[in-house]
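A.B. asks: Quick one: sequence and predicted model below, then my questions.
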Amino acid sequence: MRRKLVAGNWKMHGSLAENKALLAGVLAGMGDVKAGVAVCVPFPYLSQAQAGLTGSAVAWGAQNMSQHAKGAYTGEVSASMLKDFGCTYVIVGHSERRALYGESDAVVAEKFAAAQAAGLTPILCVGETLEERESGVTEQVVGRQLDVVIAKCGVAALARAVVAYEPVWAIGTGKTATPEQAQTVHAFIRGRVRALDAAVASGLVIQYGGSMKASNAVELLSQPDIDGGLIGGASLNAEEFLAICRAG
Ligand code: PGA
């Protein structure tokens, strides 16, 4: 049985004071949560997450990293730096990174490999735009995004990773994919992996992301191939986030 994983993606939100209250609120409500829980915070707050969450049931991680191990890359942060701050997870290939910062499939695959080389668990984001969905190429796009990582790292690498299916048109828009729409793509992703390695496919945690909230989490998370959520906006409110965690 796969254990569900609910991860918050705070994006570029928060402050020391706000994070303190948010983390305290989440920790206070973890008693009846069965799912794995993590928060992916902005780089400057990793030490705050480490200080506040060490020894708790909540793991933490980052939202991006460099594909390079070290060197003259001004402004970049390496995987080993994230390890220094106790990160378990790092999001790679979020659609905002792909669209706003020009991250190609190849760069995302390099980041995925660098994360694993440092002992981090990458959360690999894949997903189609509205235009791609409407022109019927969702599976081609998601398949390609996945295949580039598999080609570089091998299918076995997915045993130490999480995949997040995030339809771009559902992110931050309030437009959630229906449970059926999401399940169809999740089943497609698992099937693609199963064709290469059945054991890896059955153990692979595939999160859904895109306007997931307390009111739609139960339905989404009850789909057979939806193993958790990557939560943006709703992860900034402790009660809302906890309600999603409890649905998992
Ligand atoms: P959202 O973001 O929950 O605010 O739609 C999800 C994400 O981008 O990971």
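C.D. replies: The structure has been received and is ready for your questions.

A.B. asks: How about the secondary structure of the closest residue to residue 104 other than its chain neighbours?
C.D. replies: Leaving aside its sequence neighbours, residue 104 sits nearest to residue 98 (Cβ to Cβ, 6 or more residues apart in numbering; 7.8 Å). The way it works is simple: take the backbone N, C-alpha and C, and place the C-beta from them, glycine included. Judged by DSSP: H, G, I helix; E, B strand; the rest coil, the three-state class of residue 98 is helix.

A.B. asks: So residue 98 is in contact with residue 106, correct?
C.D. replies: No. Counting by Cβ atoms under 8 Å, residue 106 is not a contact partner of residue 98; they are 11.5 Å apart.

A.B. asks: which of those two has more neighbours?
C.D. replies: residue 98 (20 against 13; other Cβ atoms under 10 Å).

A.B. asks: Can you name the residues in contact with the helix or strand harbouring residue 243?
C.D. replies: Assigned by DSSP states H and E, residue 243 belongs to helix 238-247. Applying Cβ atoms under 8 Å, 6 or more residues apart in numbering, the external contacts of helix 238-247 come out as 6, 8, 21-22, 24-26, 28-30, 32-33, 35, 37, 212-214, 217-218, 221, 229, 231, 234-235.

A.B. asks: Model confidence at the residue of the chain found nearest the ligand, what's the number?
C.D. replies: Using Cβ to the nearest ligand atom, residue 232 is the residue of the chain that sits closest to the ligand, at 2.3 Å. At residue 232, the model reports a pLDDT of 98.

A.B. asks: hang on, the earlier thing: now the helix holding residue 243: average pLDDT?
C.D. replies: For helix 238-247, mean pLDDT rounds to 98.

A.B. asks: Surely residue 161 touches residue 124?
C.D. replies: Yes. Counting by Cβ under 8 Å, residue 161 touches residue 124, with 5.9 Å between them.

A.B. asks: And the two? Which one has more around it.
C.D. replies: Neighbour tally, residue 161 and residue 124, criterion other Cβ under 10 Å: the higher count belongs to residue 124, 28 against 21.

A.B. asks: contacting residues for that one?
C.D. replies: 92, 93, 108, 112, 146, 149, 161, 162, 163, 164.

A.B. asks: Please confirm that residue 39 is located within a strand.
C.D. replies: Yes. The assignment for residue 39 is a strand, going by three-state DSSP.

A.B. asks: Which residues are in contact with it?
C.D. replies: 7, 8, 10, 23, 26, 49, 53, 58, 59, 60, 61, 235.

A.B. asks: Show me which parts of stretch 109-124 are buried, residue by residue.
C.D. replies: 109-116, 118, 120-124 (16 or more other Cβ atoms under 10 Å).
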